[in-house]
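[1] Fold the following for me, if possible:
(chains A and B)
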There are 2 protein chains.
Amino acid sequence: MGGLERRIYLDYSATTPVDPRVVEAMLPYWSTVFGNTESSHAFGQAAANALEQARQTVADVLGCHPAEIAFTGSGSEADNLALRGVAWAARQSERGNHIVTTPIEHHAVGHTVDQLRDLFGFEVTRVPVDGYGRVDPDDVAAAIRPATVLVSVMLANNEVGTVQPLAEIGRICHERGVVFHTDAIQAAGRLPLKVDELNVDLLALAAHKFYGPKGVGLLYVRRGISLVPTLTGGGHERGRRPGTVNVAGAVGLATALRLVEEERLAEVARLHDLRDRLVEGVLASIPASRLTGHPTERLAHHASFVFQGVEGESVVLNLDLAGIAAGSGAACAEGEVEPSFVLKAMGIPAEWGVGSLRLSLGHANDEADVARVLEVLPEIVKRLRAGE
Amino acid sequence: MGGLERRIYLDYSATTPVDPRVVEAMLPYWSTVFGNTESSHAFGQAAANALEQARQTVADVLGCHPAEIAFTGSGSEADNLALRGVAWAARQSERGNHIVTTPIEHHAVGHTVDQLRDLFGFEVTRVPVDGYGRVDPDDVAAAIRPATVLVSVMLANNEVGTVQPLAEIGRICHERGVVFHTDAIQAAGRLPLKVDELNVDLLALAAHKFYGPKGVGLLYVRRGISLVPTLTGGGHERGRRPGTVNVAGAVGLATALRLVEEERLAEVARLHDLRDRLVEGVLASIPASRLTGHPTERLAHHASFVFQGVEGESVVLNLDLAGIAAGSGAACAEGEVEPSFVLKAMGIPAEWGVGSLRLSLGHANDEADVARVLEVLPEIVKRLRAGE
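    Got it, this is the predicted structure:
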């Protein structure tokens, strides 16, 4: 564990440290208020009360009713519950068999849609994205058929930071009577999350992306949407998600969400400024470098680049040697050798590399960190281009 | 939260407080070693190392290889992964369509089997249990057909504490080439868990049942068993369970499992003695009372009773008023009004009530707690019988 404190962390899109105020908020729920929320005695009821307070806190941030929030064991599980849940409910009521999504979704959505197609016979249309990774709402409208039961488009992309026109896509879905899901996992603390403004019916979050703990996520489920549970067991979370509820995790998620929402405008402005300096510095000092994703419709803390003839992952490894932690596209894909499907969908030519360098900023970063990146990154790219 | 410390907790089968040594072990993983295990940089690798150490600790307790352990978000999820995973893999390879289980499984198994039957066309045989809640291995042998792909029998029942003859059932399954799963969630810290002695291929645990945190479980998957993942997304946990891994949770689970295993023999002997005094005291002082479950083949910390003409849940409510937290059968069923399916399967007549009183002991209990129960419980049952 030694020495991590002295390194620069620029991978807040992969995960974040837990805010000390969140750790503090969770502590009583390990050893004191430790009851099972399903128990009728005082220990159980104290835990159940804490859980419902957490649910109310989340509902206030999303602008929804607490009963519309189901806590899950991860953001991926929330995406799985949304997609499988709607697909299987539609099949049970014979409402249709067709799903619309994009080619740049996180694997929690993309692989789930693939499994629904390959193992369970659903049909899938992936609408294209442009060179910035944006979906055209008209393409979604054109893809919707009478058999379409679900549209799933992420709010912001993890790898290139591009933000999608969700409200417009949601309006189209609702005109056509189609359920609309969004993976908003990269967006919390960075973009507004009011579900009625986003026009979404289902929205997935993961606490560890916004200074909450790993191991807890949530799914917003608009009233009236029926889901077949993905996991089955006890009747927890209104029958949507079984398993003894992780009360400390739910309290941690809610506390973290409340804090990032309270501090969002100031923190986003601060990081936006740092990020812009980083982007300008990189593009000015490194020849044949490109920002990936949309230049303005992107997450404020998020910068991602390709360098002609250089692999993102090689840059990441060299930055790590220099004490700087960065990402190369989706963290979940880093164990895999396959090229970035996001860059491919955006039409980035292979000569620019098969993976981005992603620098995503957060609480601990300051101008000195940006200056340090600008000091070492041009040299690293130069060395890699020289084959050293 | 006030006052819980002064109450007596006798519901350790529903959930346990987290051992302070476990909280201590988890702390660095919130804020210092907080990386995403899939990240290639120093923060990610430190987290990945901690995760693999936790996996090794668990493997040592179970007597298996670390690669055979997949961490999940709950025990229920582990059961779901085992059952659906094997069922779908069998369907894909057209090996069969039939599952054997019991009528007294936890809902995480029972409802999952029901969904596989009702939604996905699997056939299910539930072998009976006797009046003590025991399965006869010969009944399992008789239920296995050429199309049988999975047998699932819990190691110990949550509601009545009965322990099943797993090794013998496992031997039969393996002679017949059938995969054998056990929900061992009630057993950790209370019974030996060596997978080769239990003769199991899949085994599910939940940390919060043995002084670990809620929100983390695990599935042991014997090498060579193929599973179709229940949740889909990134390639975490060798493709078995997607989602950013809850490193603090995995460390917490592993630490808790190591501690309960180290202290198991002494603690089981201590609780066994307390429990026997409790059982003898209750049966001696309350007329028309019965122990439910097996008198000897049962969890050492676990006592469960029915009282003629009295509902278990009414006793629980009255004990709570007296400052004692008890359970009435499965904690997960307490929000529901339906009678206990476990007591029904055991053939307990309805005049004895539709739910047990469960008193399950743990770390904090001592002789004074037992004495206090024996002081108040006979009076409560008497009052309830008098209709007061």
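[2] Okay, helices next: where are they in the stretch 1-150 of chain A?
    In order along the chain, the stretch 1-150 of chain A carries the following helices (DSSP state H, counting those that start in this stretch): A:20-26, A:28-31, A:42-62, A:75-92, A:107-120, A:137-143.
[3] Deepest in the core, which of those is it.
    For those, the largest average neighbour count (mean count of other CB atoms under 10 Å in any protein chain shown) is found in helix A:75-92, namely a mean of 26. C-beta coordinates here come from the backbone N, C-alpha and C atoms, glycine included.
[4] Relative to the whole chain's centre, how far out is it?
    Relative to its parent chain, helix A:75-92 has a centroid offset of 17 Å by CA atoms, centre = their mean, to the nearest Å.
[5] Name the nearest residue to the closest residue to chain B within the stretch 1-150 of chain A, sequence neighbours excluded.
    The nearest approach of the stretch 1-150 of chain A to chain B comes at residue A:73, 2.2 Å away (CB to the nearest CB). Leaving aside its chain neighbours, residue A:73 sits nearest to residue B:73 (2.2 Å; criterion: CB to CB, 6 or more residues apart in numbering or on different chains).
[6] Count the residues that sit near the one you found.
    29 (other CB atoms under 10 Å in any protein chain shown).
[7] Wait, it touches residue A:74, no?
    Yes - with contact defined as CB atoms under 8 Å, residue B:73 reaches residue A:74; the gap is 6.0 Å.
[8] Are there residues contacting both of these two? Which ones?
    A:215, B:243, B:246 (CB atoms under 8 Å, 6 or more residues apart in numbering or on different chains).
[9] among these, who's most crowded?
    Greatest neighbour count in the shared contacts of residue B:73 and residue A:74, by other CB under 10 Å, goes to residue A:215: 33 neighbours.
[10] Contacts only, for that residue.
    Residues in contact with residue A:215 (CB under 8 Å, 6+ apart) are A:73-74, A:208, A:246, A:249, B:73, B:215-216, B:246, B:248-249.
[11] cool, residue A:266 as well?
    Contacts for residue A:266 (CB under 8 Å, 6+ apart) come out as none.
[12] Now do it against residue A:114, distance only.
    Here residue A:266 is placed at a distance of 40 Å from residue A:114 (CB to CB, to the nearest Å).
[13] Same question for residue A:298.
    27 Å.
[14] pretty sure residue A:82 contacts residue A:217?
    No - counting by CB under 8 Å, residue A:82 stays clear of residue A:217, with 11.0 Å between them.
[15] overlap in contacts of these two?
    Joint contacts of residue A:82 and residue A:217 (CB under 8 Å, 6+ apart) are residue A:204.
[16] residue contacts, the residue nearest to residue A:75 when sequence neighbours are not counted?
    Distances taken as CB to CB, 6+ apart put residue A:206 closest to residue A:75, at 2.8 Å, once the chain neighbours are dropped. Residue A:206 makes contact with A:74-76, A:78, A:185, A:216-217, B:243-244 under the criterion CB under 8 Å, 6+ apart.
[17] In TSV, list those along with pLDDT and distance to residue A:154.
    What follows is the contacts of residue A:206, written out as TSV (pLDDT from 0 to 100; distance: CB to CB, whole Å):
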residue	pLDDT	distance to residue A:154
A:74	97	16
A:75	97	11
A:76	97	13
A:78	98	13
A:185	98	8
A:216	98	20
A:217	98	14
B:243	92	16
B:244	94	16
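[18] sorry, back to before: okay if I get the helices of the stretch 1-150 of chain A as a markdown table plus distance to residue A:181?
    Listed next are these as a markdown table, based on distance: least, CB to CB, whole Å:
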| stretch | distance to residue A:181 |
| --- | --- |
| helix A:20-26 | 27 |
| helix A:28-31 | 30 |
| helix A:42-62 | 14 |
| helix A:75-92 | 5 |
| helix A:107-120 | 8 |
| helix A:137-143 | 13 |
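[19] So which of these is nearest residue B:226?
    Set against residue B:226 and scored by CB to CB, the helices of the stretch 1-150 of chain A come closest in helix A:107-120, at 13.7 Å.
[20] helices and strands of chain A: which one bottoms out on pLDDT?
    helix A:236-239 (a mean of 90; mean pLDDT, DSSP states H and E).
[21] And the next helix or strand past that one?
    Per DSSP states H and E, the first helix or strand lying C-terminal to helix A:236-239 is helix A:247-262.
[22] which of the residues in the very next helix or strand once past that next one are buried?
    The C-terminal neighbour of helix A:247-262 among helices and strands, as given by DSSP H and E, is helix A:264-285. With burial defined by 16 or more other CB atoms under 10 Å in any protein chain shown, the residues of helix A:264-285 counted as buried are A:264, A:267-268, A:270-272, A:274-275, A:278-279, A:281-282.
[23] ditto for stretch A:212-231
    Neighbour-count burial for stretch A:212-231 [16+ other CB under 10 Å]: A:212-222, A:225, A:227-231.
[24] can you give me the end-to-end distance of it?
    Terminal residues of stretch A:212-231 are spaced 24 Å apart (CA to CA, to the nearest Å).
[25] again with stretch A:84-98
    End-to-end distance for stretch A:84-98: 12 Å, by CA to CA.
[26] gap between it and the chain center?
    Distance, stretch centre to chain centre, for stretch A:84-98: 25 Å (CA atoms, centre = their mean).
[27] is that stretch anywhere near chain B?
    Yes - using CB under 8 Å from any CB of the partner chain, we find that stretch A:84-98 touches chain B at A:88, A:92.
[28] Give me the average confidence score over that stretch.
    Averaging pLDDT along stretch A:84-98 yields 94.
[29] How about residues contacting that stretch?
    Residues outside stretch A:84-98 that contact it (CB under 8 Å, 6+ apart) are A:99, A:112, A:116, A:120-125, A:145-150, A:179, A:181, A:202, A:225-230, A:240, B:119.
[30] Kindly recompute the last result at 7 Å.
    A:99, A:112, A:116, A:122-123, A:145, A:147-150, A:179, A:226-230, B:119 (CB atoms under 7 Å, 6 or more residues apart in numbering or on different chains).
[31] How about stretch A:252-263?
    For stretch A:252-263, the surrounding residues in contact (CB under 7 Å, 6+ apart) are A:19, A:21-22, A:25-26, A:54, A:57-58, A:61, A:188-189, A:207, A:210-213, A:216, A:218.
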